[in-house]
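Asker: all I have is the shape, not the residue letters:
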């Protein structure tokens, strides 16, 4: 981040931001250089999970069916960034959306998008994967971006604000009312990431039995087991950290304590993709041939 600098308190508009943005600023965000000399703020992210900070809620209840009042804020943006055009990027783009009042989101000079270019987007597949897992697990950064004054302020969330963000979802026992993810882009990435793991680390006996059986039901059963093994390999480097956050109560209260379960069920939830068994077969065969 050689071209970035910490923004001091003071006149942001005249020194760093779009000239049409509000003139007064108090906070401590990083700044990114932009076109034509314009600069914009970088959305801060949680150092542990990579998840961007939420916009601090100011209303107890927001309507989901009135887009002029409230709409969805994608925490990973801008949508035009090439990083978000890949399968992994689409998962990032869709792993955390927040229902936010339009006044604080994208309408007017005092809104979030009048200031922020977005977070620094992770490009390492493992970091992208971890961030999406934590989003699905309901992790909530303890700091947020307060837009209530018309200029951004970095704040520690109060208990009330945290509770507002963590109101349970009516249709998803593992989700929140005003924070959600779009399922299919996440499933596609989790599937690809899991099936790209080293199948050579799975017992040869399991791979061989799967490849040799002619019983279709048995083959489907064994394929599910190998997908589970691949999911276990995918989360191996984050299991300790995930377990620590789960014990600390920083994940959704209903979420599984083992990230393997989360990833496996995100891949296998109905309707089950029809092409998984042939893909598992190709990976198993390649692993045995390479042994």
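Answerer: Ah, there it is. Bear in mind that the values here come from a model prediction, so they are computed numbers and not experimental data. Residues are numbered from 1 along each chain as shown.

Asker: may I see the buried residues of stretch 65-72?
Answerer: Within stretch 65-72, the residues scored as buried using 16 or more other CB atoms under 10 Å are 70-71. In this view, the C-beta of every residue, glycine as well, is placed from N, C-alpha and C.

Asker: after the helix of greatest length in the chain comes which helix or strand?
Answerer: Taking residue count as the measure and DSSP state H as the definition, the longest helix of the chain comes out as helix 216-235. Beyond helix 216-235 in the direction of the C-terminus, DSSP states H and E gives the next helix or strand as helix 239-247.

Asker: for that next one, buried residues please.
Answerer: Residues of helix 239-247 classed as buried by neighbour count (16+ other CB under 10 Å): 242, 245-246.

Asker: what's the closest of the residues you listed to residue 67?
Answerer: Within the set of the buried residues of helix 239-247, residue 245 lies nearest residue 67; the separation is 33.7 Å, counting by CB to CB.

Asker: and the longest helix of the chain with helix 239-247, angle?
Answerer: Computed by axes from the mean of the first three to the mean of the last three CA atoms, to 10 degrees, the angle separating helix 216-235 from helix 239-247 equals 90 degrees.

Asker: show the average pLDDT along helix 216-235.
Answerer: When pLDDT is averaged over helix 216-235, the result is 96.

Asker: residue 119 against residue 78, yeah?
Answerer: No - under the contact definition of CB atoms under 8 Å, residue 119 does not touch residue 78, with a separation of 10.4 Å.

Asker: give me the more crowded residue out of those two.
Answerer: Neighbour count, other CB atoms under 10 Å: between residue 119 and residue 78, residue 119 has more, with 20 against 13.

Asker: contacts only, for that one.
Answerer: The contact partners of residue 119, by CB atoms under 8 Å, 6 or more residues apart in numbering, come to 42-45, 52, 75-76.

Asker: swap in 7 Å and give it another go.
Answerer: Counting by CB atoms under 7 Å, 6 or more residues apart in numbering, residue 119 makes contact with 42-43, 45, 52, 76.

Asker: of those, which is the nearest to residue 99?
Answerer: When these are compared for distance to residue 99 (CB to CB), residue 52 wins out at 15.3 Å.

Asker: from residue 165, how far off is the closest one?
Answerer: With distances defined as CB to CB, to the nearest Å, the gap from residue 52 to residue 165 amounts to 13 Å.

Asker: comparing the two, which residue is more hemmed in?
Answerer: The residue with the greater number of neighbours, taking residue 52 and residue 165 and applying other CB under 10 Å, is residue 52; the counts read 28 against 21.

Asker: wait, that one sits on residue 73?
Answerer: No - taking CB atoms under 7 Å as the definition, residue 52 is not a contact partner of residue 73, at 9.7 Å.

Asker: grab the nearest non-local neighbour of residue 177.
Answerer: Distances taken as CB to CB, 6 or more residues apart in numbering put residue 167 closest to residue 177, at 4.4 Å, once the chain neighbours are dropped.

Asker: and after the helix or strand encompassing residue 185, which helix or strand comes next?
Answerer: Under the criterion DSSP H and E, the helix or strand holding residue 185 is helix 183-195. Taking DSSP H and E as the definition, the helix or strand that follows helix 183-195 towards the C-terminus is helix 204-212.

Asker: which strands or helices does the longest helix of the chain pack on?
Answerer: Counting contacts by 3 or more CB pairs under 7 Å, 6 or more residues apart in numbering; DSSP states H and E, the secondary-structure elements packed against helix 216-235 are helix 183-195, helix 204-212, helix 259-268, helix 276-290.

Asker: show the contacting residues for the closest residue in space to residue 104 that isn't next to it in sequence.
Answerer: For residue 104, the nearest residue in space outside its immediate sequence neighbours is residue 147; the separation is 4.1 Å by CB to CB, 6+ apart. Residue 147 makes contact with 55, 104, 110-112 under the criterion CB under 7 Å, 6+ apart.
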